[in-house]
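Asks: from the sequence below, what's the structure:
(2 chains, ligands or ions: 2)
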Amino acid sequence: MIDAKIPAGDLADKWNNYKDSSKLINPANRKKLDIIVVGTGLAGSSCAATLAEQGYNVNSFCFQDSARRAHSVAAQGGVNAAKNYKNDGDSVYRMFYDTIKGGDFRSREANVYRLAECSLSLIDQAVAQGVPFAREYGGYLNNRSFGGVQVSRTFYARGQTGQQLMIGAYQALMRQVSAGKVKTYTRHEMLDLVLIDGKARGIIARNLETGEIERHVANAVVLATGGYGKVYYLSTLAMGCNSSAIWRAHKKGAFMSGVSWIQFHPTCLPQIGETQSKLTLMSESLRNDGRIWVPKKAGDERVPNDIPEEERDYYLERRYPTFGNLSPRDISSRAAKERIDAGCGVGPMKNAVCLDFSKAIREQGRDKIEEKYGNLFKMYDKINGVNAYKEPMLISPAAHFTMGGLWVDYDLMTTIPGLFALGEANFSDHGANRLGANSLLQSCVDGYFIAPYTIPNYLSRELKSEKVTTDHPAFIDAENNVREQLNRFLNLKGHLSADHFHKTLGKLLYDKCGLSRTRKSLEEAIVEIRSLKKSFDHELKITGDDGVNSELEKAGRVSDFLELGELMCHDALQREESCGAHFREEYQTPDGEAVRNDQDFCYVSAWEWKGEAVEPELHKEPLVFETVKLTVRSYK
Amino acid sequence: MKLYLKVWRQEHRDSKGGMISYEVDGISEHMSFLEMLDLLNERLIQKGERVIEFDHDCREGICGACGMMINGRAHGPLTGTTTCQLHMRSFKDGETVYIEPFRAAAFPVLRDLKIDRSAFDRIIQSGGYISASTGQAPESNSILISHEVTEAAFDAAACIGCGACVATCKNSSAALFTSAKISHLVLLPQGKLEAADRVIKMVGQMDAQGFGHCSNTEACEVECPQEISVLHIGRMNYEYNKALALRK
Ligand SMILES: Cc1cc2nc3c(=O)[nH]c(=O)nc-3n(C[C@H](O)[C@H](O)[C@H](O)COP(=O)(O)OP(=O)(O)OC[C@H]3O[C@@H](n4cnc5c(N)ncnc54)[C@H](O)[C@@H]3O)c2cc1C
Ligand code: FES
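Replies: Numbering: from 1, shown residues only, chains lettered A, B, ... in the order given. Ligands and ions are numbered 1, 2, ... in the order given. Predicted coordinates:
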């Protein structure tokens, strides 16, 4: 059975106990140890910078042209911390509880408690780096609240919190580059993991500027490669977000967990045409002041402003009076889908709901709203050509955050010794549904405060391990496999682009393994994905050469998405319950609420790769709740 | 709608590039500029041709990857907008559109519209940070910063590092980019201690990378998608002169 290695002791003491008993490495020895960190988002940059500060040699990789452009830069709303600055009853325990409950009791108590505990230091760290969080006139930090909670614990920097935290972490990383402790490999894509004696000892990367295939060796490898929501093609993620790094590690033996738990964010711009490449997220913070509604009557053709108050259905306020417009994301998204499916959707494709600021503007004045969300209104105008101070915004749910990823233990180590996974790339902390503003937090604390303890703890045992070089046969093999795949892509004489397959897969997953799923839809999806993969293997067409070639890059990513998509369906199929973002239509109450089954499914699914088109093997990590009682999650 | 595109194609860093013409029809006004290029690329693949390489990622105007010159303007005809946020409703049916990479000696072309902007990273490496190692930070409310100062620092910190300021400047100066970082950090109490050292190093690095001097044309501010103000350049010059005057 897989062991999460949760330290002994009371919940509140576990992390301190761990730190007190973890092994240290003499500074003179740290210089002898090399660490590869793949990814320069909040998780990767913070981890690489911190390990370098401690004295290790770090090689940092990302596929963008600069570390600063990792996808974390796009996060808008904010980052949580249990500082209780508003004196509204917040505490580490309450944040822990909100997160466990928000995740529908499908995450580990110990990890979540540590997340809440470390949240306090993160804000301090970021402020010290110069992150300009919002401040009150007296100079103190300000907060707002996010979905699923009733306290104000979200710190924010206008609507660009991710950008500002990212710049802070990037600057910390650049400081270590100039100190000679980090070497950055930008425009490099990791294409395989190298194992020696069963341990992670390096990677194969493609230099996207020259096309060269490179071997990099280290004593430990960290994957901080972000989420895979782009598997749906239309999503809130950046175009480059992909699953390749974690998927290739999975094929080398690392287990994948909670793969089908994918959050659909309720406040995105709706799809308006077939050639669209992404769905833009409007920050969830808008729900603090915006009210969500649809026309009461199905098929109402009037423009929103012409629909009088009494003919509007404020469905979140109606169904969830306590949390109202601030209901958690899974619930808000499903409620929107329910109304859209019932024919009450608005907009040209009838696929949207209204997010209305007229009441807030009446009560607080336009200036106040502009100060809080001005950049979001501007963005809305740029994309749609509509002034949302005058008309409601049209929003719709879109694929967003992946709670699933590589299985990791309390050390954030995968089932492969020496391979760590941080941030959105791992499955931990969020359970079946992530609360808003907890992901920036997780990425940062994984990188600044957790991995810098757990990785050295692992490395202390590695000091005496045999020195390997990139001439080792394992490197040669891995490199050959990578070359072979790239050559195959370039030589296929098909007629369909990588995007064609990506879009087809995305639509299929959206319909059959999206906001809601059924046994039938999932079984169909598995068959269809397998046949799509077959067609990909024969009919793909890549033009260009093996130098700078974005089509070649896409092909590898789409190939991995096809395999991952199949695993998502297996994961959703075997979990015969509804929990968080995973809604199986067979398991719901008469009024459409999710029915969880703690008796049979209170575990983390951890999947082992068994080969292409072969059923993966399921391992289970039982979730043991020592501190909280499992309750039905109600936001009514 | 239908557009006539003239696109800069260049094989490698050292090869000679040139404008190639394409006709693209079936463009909807809702498409973003990059989606229009996707459409063209899809058609090039069908014809067996190499696609047009361009940088992009977030497609939300925040990562700073998607810069290109459109009809001679950085990020196209609108102000305060990145290329990914530019929509086709800004163009007219039948229009001819010129698309080129951001040009500057310090930004070599890699292929087509993709350029190498790593010089910006090297400017930040030279001192564009606050030296705060992890795990030693004081309680954040122990550093009081007024609302106005935070907002001003934020205005500077919002730079996305896209390079439009350099591309639009007749001297290819990186003064707006560098000064935004100087301003962001010097406005905050945490950043003041290293201010003198920082400004001297960053300005030196900016020159070493081959960016030109600022001659106060202020075109950078006009084309900056984040509307970063040229007043930061004034502040950078002030900080630089102060640092030189007080240097021991
Ligand atoms: C639009 C949007 C808004 C959001 N808003 C919020 C919010 O308000 N609050 C919140 O808490 N969370 C928010 N999130 C979620 C949050 O931003 C992400 O979960 C988090 O930033 C992930 O950080 P990360 O470091 O794990 O990964 P990322 O920032 O995605 O970084 C991934 C890194 O891995 C690299 N990489 C990937 N694959 C490879 C490879 N094969 N080889 C080399 N490098 C590779 C990339 O280059 C990149 O550097 C938002 C997400 C989106 C999409
Ligand atoms: S693609 Fe990120 S700013 Fe345009």
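Asks: could you point out which residue ranges in the chain have low pLDDT?
Replies: No chain specified, so I'll use chain A. Chain A contains residues with pLDDT under 70 at A:147-148.
Asks: not quite, go with chain B.
Replies: Where chain B drops to pLDDT under 70, the residues are B:248.
Asks: show me what contacts A:Glu566?
Replies: A:Ile526, A:Ile529, A:Arg530, A:Lys533 (Cβ atoms under 8 Å, 6 or more residues apart in numbering or on different chains). Yep, even glycine has a C-beta here, placed from its N, CA and C like the rest.
Asks: separation between the last one and A:Gly227?
Replies: Here the distance between A:Lys533 and A:Gly227 works out to 22 Å (Cβ to Cβ, to the nearest Å).
Asks: more neighbours: the two, which one.
Replies: Applying other Cβ atoms under 10 Å in any protein chain shown to A:Lys533 and A:Gly227 shows that A:Gly227 carries more neighbours, namely 28 against 20.
Asks: what residues are up against the more buried one?
Replies: A:His71, A:Leu237, A:Cys241, A:Phe401, A:Thr402, A:Gly405, A:Glu424, A:Ala425.
Asks: am I right that the fourth one falls within a strand?
Replies: Yes: using DSSP: H, G, I helix; E, B strand; the rest coil, the assignment for A:Phe401 is a strand.
Asks: go through the contacts of A:Glu566 and give me the one with the most neighbours.
Replies: Going by other Cβ under 10 Å, A:Ile529 tops those with 26 neighbours.
Asks: list the contacts for that one?
Replies: Applying Cβ under 8 Å, 6+ apart, the residues near A:Ile529 are A:Leu505, A:Leu508, A:Leu562, A:Gly565, A:Glu566, A:Cys569.
Asks: need the three-state assignment for it.
Replies: Applying three-state DSSP: A:Ile529 is helix.
Asks: and it, how far from A:Glu563?
Replies: 9 Å.
Asks: circling back: just curious, which of the contacts of A:Ile529 is nearest to ligand 1?
Replies: A:Leu562 (16.3 Å; Cβ to the nearest ligand atom).
Asks: wait, what's in contact with that closest one?
Replies: In this structure, A:Leu562 makes contact with A:Phe501, A:Leu505, A:Ile529, A:Leu532, A:Lys533, A:Phe536, judged by Cβ under 8 Å, 6+ apart.
Asks: what strand or helix carries the nearest residue to the fifth one once chain neighbours are set aside?
Replies: Okay, so that is A:Lys533. Closest residue to A:Lys533 apart from its sequence neighbours, by Cβ to Cβ, 6 or more residues apart in numbering or on different chains: A:Leu562 at 4.5 Å. Per DSSP states H and E: A:Leu562 is located in helix A:550-574.
Asks: how about that helix: buried residues?
Replies: A:550-573 (16 or more other Cβ atoms under 10 Å in any protein chain shown).
Asks: and stretch A:536-547, by the same measure?
Replies: A:Phe536, A:Leu540, A:Lys541, A:Ile542, A:Thr543, A:Gly544, A:Asp546, A:Gly547.
Asks: contacts for that stretch next, please.
Replies: A:210-211, A:486, A:489-490, A:492-498, A:501, A:549, A:551-552, A:555, A:558-559, A:562, B:12, B:44-45, B:48-51, B:111.
Asks: so how far is the longest helix seen in chain B from its chain's centroid?
Replies: The residue-count maximum for a helix in chain B (DSSP state H) belongs to helix B:231-246. Relative to the centre of its chain, helix B:231-246 is centred 22 Å away, using Cα atoms, centre = their mean, to the nearest Å.
Asks: distance-wise, check A:Glu577 relative to A:Phe583.
Replies: Counting by Cβ to Cβ - A:Glu577 and A:Phe583 are separated by 10 Å.
Asks: looking at these two, which is more packed in?
Replies: Neighbour comparison, A:Glu577 and A:Phe583: the larger count goes to A:Phe583, with 28 against 21 (by other Cβ under 10 Å).
Asks: and residue 195, how many neighbours?
Replies: Since you didn't name a chain, this refers to chain A. By other Cβ under 10 Å, neighbour count at A:Leu195 equals 21.
Asks: wait, I meant chain B there
Replies: 17.
Asks: close to chain B, is stretch A:488-500?
Replies: Yes: contact of stretch A:488-500 with chain B (Cβ under 8 Å from any Cβ of the partner chain) involves A:His495, A:Ser497, A:Asp499.
Asks: select only the buried ones of the residues you listed in PyMOL?
Replies: Remark: buried members of those, expressed as a PyMOL selection using 16+ other Cβ under 10 Å:
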select buried, chain A and resi 497+499
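Asks: am I right that A:Pro266 is in a strand?
Replies: Yes: counting by three-state DSSP, A:Pro266 is found in a strand.
Asks: residues in contact with it?
Replies: A:Glu284, A:Arg287, A:Arg329, A:Ser332, A:Ser333, A:Ala336, A:Ile395, A:Pro397.
Asks: the first one contacts A:Gly436, doesn't it?
Replies: To tie it back to what came earlier, the one meant is A:Glu284. Yes: counting by Cβ atoms under 8 Å, A:Gly436 is a contact partner of A:Glu284 at 4.7 Å.
Asks: the more surrounded of these two?
Replies: A:Gly436 (28 against 24).
Asks: look up phi and psi at the more buried one.
Replies: Torsion angles at A:Gly436 (phi, psi; degrees, to the nearest 10) stand at phi -60, psi 150.
Asks: so what's the gap between the helix holding A:Leu562 and the chain middle?
Replies: 16 Å.
Asks: if we can go back for a sec, packing partners for the longest helix of chain B?
Replies: Judged by 3 or more Cβ pairs under 8 Å, 6 or more residues apart in numbering or on different chains; DSSP states H and E, helix B:231-246 is in contact with helix B:175-187, helix B:195-208.
Asks: what about the helix or strand that the first one is followed by and chain A, touching?
Replies: Beyond helix B:175-187 on the C-terminal side, the first helix or strand identified by DSSP H and E is helix B:189-192. Yes: figure legend: helix B:189-192 in contact with chain A (Cβ under 8 Å from any Cβ); contacting residues B:Gln190, B:Gly191.
Asks: before I go, just wanted to say thanks for your time.
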